[in-house]
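K.L.:
output the structure for:
(one chain, ligands or ions: 1)
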Amino acid sequence: MESIKVFCPATIANISCGFDVLGVALDSVGDEMLVKKTKEKGIHISKLEGQDLPLETLKNVAGVAGLALLEKSNYQGGFEIEIYKKIKAGSGIGSSAASSTGAVWAMNQLLNEPFSSLDLVKFAMEGERLASGVAHADNVAPALFGGFTLVRSYNPLDVITIPSPKQLFATVIHPQIEIKTSDSRKILKTNITLADGIKQWGNVGGLVAGLFKQDYDLIGRSLVDHIIEPVRSILIPSFDAVKKVTLQNGAIGCGISGSGPSIFSFSKGEETAKRVGIAMAEIYQNIGIDYDVHVSKINSEGIKILN
Ligand code: HSE
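P.N.:
Reported below is the predicted structural model:
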């Protein structure tokens, strides 16, 4: 195989209580990438449509992640990449992770899979380091593995896949403002109280248990963030009002998607998820802020080959 076209899913990181450790892949929103083998060494990004992002290899997350893979590979050639962005940069649904993971996953396929999924997570994390200053894995892991993932440990890296309840749907609204992950990380406190820690790890355990047990009430009760949301939500217009209407319309829980400004909610069933999306949208219509809404089932496969 000399070239491959892939779908790279959007992802919701943190999932309220799991800052930097929990994430989930979406099914109906993601980027496309075409990756070709070249005789010339290195990574060449020949096309980037849909967003105004740099083509220079060392300034592009796909380029940097791809170089991390090449450094560990015996392959003597290189790759040319075309990126078709559907996920807006700075939206909070894993735009950089989609590009980083798509590049390394496609390259691994073209090289007959010399690397494990965990290796690919490590390479893609270099893209996240470029985008946000920190090599976090809570977007790249679900993009690569699909479904829900828990980064149990960063050193050594240990990623756990978690089953997705069949009727769980995500609704995501993206108010059209850009918040850079690097900026929204700078405002976070670096210390937490023991009291907040107790509440937070109780919810992480509850959420993971709820996903395994397919217990929607337990999932909903656990979608609480005592540490990050109170700080970051002030950057998101009408966050409290949006959260309130999601719950009034039947969502089981709601929080900031990744580093924002997107807001996600989970619902049992697609109908409820769609109703929640309409209610979220009305809030931004009323205050005159443009938005995108996505309703999606959980993507259990991660990156997919497109014909
Ligand atoms: N865990 C990261 C953060 C995700 O919240 O900063 C960024 O999308």
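K.L.:
buried ones in the particular helix or strand that has residue 198 in it?
P.N.:
Element membership for residue 198 (DSSP states H and E) is helix 194-213. The neighbour-count criterion (16 or more other CB atoms under 10 Å) identifies 200, 203, 204, 206, 207, 208, 210, 211 as the buried residues of helix 194-213. Heads up, the C-betas are built off the backbone N, CA and C, glycines and all.
K.L.:
and the strands in the stretch 151-300 of the chain?
P.N.:
Ranges of strands in the stretch 151-300 of the chain, per DSSP state E, counting those that start in this stretch, are 157-162, 168-175, 253-256, 263-268, 291-297.
K.L.:
what of the stretch 1-150 of the chain?
P.N.:
Listed in chain order, the strands found in the stretch 1-150 of the chain under DSSP E, counting those that start in this stretch are 3-13, 22-38, 42-49, 78-84, 148-154.
K.L.:
which parts of the stretch 1-150 of the chain sit against the ligand?
P.N.:
When proximity is defined as CB under 6 Å from any ligand atom, the stretch 1-150 of the chain approaches the ligand at 13, 14, 19, 20, 136, 138, 139.
K.L.:
would you mind finding the most buried of the strands of the stretch 1-150 of the chain?
P.N.:
strand 3-13 (a mean of 26; mean count of other CB atoms under 10 Å).
K.L.:
which of the helices and strands in the protein ranks last by mean pLDDT?
P.N.:
helix 181-186 (a mean of 90; mean pLDDT, DSSP states H and E).
K.L.:
average pLDDT across stretch 234-247?
P.N.:
In this model, stretch 234-247 has a mean pLDDT of 97.
K.L.:
show me how far that stretch is from its chain's centre.
P.N.:
For stretch 234-247, the separation from the chain centroid amounts to 20 Å (computed by CA atoms, centre = their mean, to the nearest Å).
K.L.:
buried sites along that stretch?
P.N.:
235, 236, 238, 239, 242, 243, 245, 246.
K.L.:
out of these, who's nearest the ligand?
P.N.:
Using CB to the nearest ligand atom, the shortest approach to the ligand within the buried residues of stretch 234-247 belongs to residue 235, at 12.0 Å.
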